[in-house]
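>>> Sequence below, structure please.
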Amino acid sequence: MEQSQLECCPHCRSDEGYYLKTQIRGTCEERYKFDGGRFDEENSDMHDNLS
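Next up is the predicted model:
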């Protein structure tokens, strides 16, 4: 099955990438590029809200 390539977020229309919210006794946001890579510089705060 062939999947179409996303060019922007269907929710917020960002053309840079997307993020996932994950709950692990707190909230964590991981930011990703559309090619599957991570925004390492922008993910440095991802564990700040965990308890």
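
>>> Tell me where the protein has strands.
Per DSSP state E, the chain has strands spanning 17-23, 27-33. These are given in chain order.

>>> Please identify the deepest-packed of those.
Using mean count of other Cβ atoms under 10 Å, the stretch among the strands of the chain with the greatest mean number of neighbours is strand 27-33 (a mean of 15). Backbone N, C-alpha and C define where each C-beta goes, glycine included.

>>> what mean pLDDT would you report for that strand?
On average, the pLDDT along strand 27-33 is 81.

>>> And the residue nearest the centre of the protein?
Averaging the C-alpha coordinates of the chain gives a centre point, and the residue nearest to it by Cα atoms, centre = their mean is Y19 (1.8 Å).

>>> That one pairs with what?
R31 (DSSP bridges).

>>> Kindly give the local confidence score, pLDDT, for it.
On the pLDDT scale, Y19 gets 78.

>>> so it makes contact with E29?
Yes. The pair formed by Y19 and E29 meets the contact definition of Cβ atoms under 8 Å, at 4.8 Å.

>>> which residues touch the closest residue to L20 other than its chain neighbours?
Leaving out its chain neighbours, the residue that sits closest to L20 by Cβ to Cβ, 6 or more residues apart in numbering is E30, at 5.1 Å. Neighbour list for E30: 19-20, 22, 38, 43, 46 [criterion: Cβ atoms under 8 Å, 6 or more residues apart in numbering].

>>> do that again at 6 Å, thanks
By Cβ atoms under 6 Å, 6 or more residues apart in numbering, the residues touching E30 are 19-20, 43, 46.

>>> Equivalent analysis for L50, please.
With contact taken as Cβ under 6 Å, 6+ apart, L50 is in contact with G26.

>>> one more time with 7 Å
For L50, the set of contacting residues under the criterion of Cβ atoms under 7 Å, 6 or more residues apart in numbering consists of 24-26, 28.
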